[in-house]
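Student: Okay, structure incoming, though there's no sequence with it:
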């Protein structure tokens, strides 16, 4: 009986050692998997930003002048997220199966009661050479140029953080008698792996300048 108890104890120790090794390998695999995904995301990170000219600047916001820009857009519907649908488009799910470099910013704006998202397309594309989306709920749009008031802020790209800075911008524009002619626009520039303190987020309104 003592011998059997000894064998059982020894087997249990061996089992615990093997379990520890398995957990260690699992942690290593998880770490490698995360690093692999970060590298994939980094390969499609932005190399081009939508061009603009700063017209006016103060301590709170700046007025930018943008030219017309092509973008790919979708709205919330079905089980796929807006980001996933647009990311799939630039990853080659289009009529030419072309992979497209991601640009900045990624924008979100409410349209007809639904939240839309836009990826701006590289400047090499125009209405003649832009690949058409493979999905019916993804479309190519032209965002008309004009003047935009922009408040830049860091921190998490959360609804709460955006609403806070959107209200600050809206109030200041009203104080300065600048007419707002669009819904609020949320713009983000960084990957999900960027630390909040280093993130570039923006609240924007299209405005009318005399």
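Tutor: Arrived safely, thanks for sending. Quick caveat: nothing in here was measured; it's all calculated off a predicted structure. Numbering: from 1, shown residues only.

Student: For the protein, which segments count as helices?
Tutor: Along the chain, the segments classed as helices by DSSP state H run 2-43, 82-90, 159-175.

Student: Number of residues surrounding residue 157?
Tutor: 21 (other Cβ atoms under 10 Å). Where C-beta positions appear, they are placed from N, C-alpha and C, glycine not excepted.

Student: what do you get for residue 118?
Tutor: With neighbours defined by other Cβ under 10 Å, the count for residue 118 comes to 22.

Student: Would you confirm that it contacts residue 69?
Tutor: No: taking contacts as Cβ atoms under 8 Å, residue 118 lies outside contact range of residue 69: 9.1 Å.

Student: Contact partners for the residue most central in space within the chain?
Tutor: Nearest to the geometric centre of the chain sits residue 106, at 5.2 Å (Cα atoms, centre = their mean). Contact criterion Cβ atoms under 8 Å, 6 or more residues apart in numbering gives 83, 117-119, 187-189 as the residues in contact with residue 106.

Student: Give me the subset of these that lies in strands.
Tutor: Restricting the contacts of residue 106 to those inside strands, with DSSP state E as the criterion, leaves 117-119, 187-188.

Student: what residue ranges in the protein score low on pLDDT?
Tutor: With pLDDT under 70 as the threshold, the chain has low-confidence stretches at 1-46, 77-80.

Student: Residue 96: how many residues sit nearby?
Tutor: Tallying neighbours of residue 96 according to other Cβ under 10 Å, which is how burial is gauged here, yields 11.

Student: Sorry, slip of the keys, the one I care about is residue 97.
Tutor: The burial metric for residue 97, expressed as a neighbour count using other Cβ under 10 Å, is 10.

Student: now swap in residue 137 and tell me
Tutor: 14.
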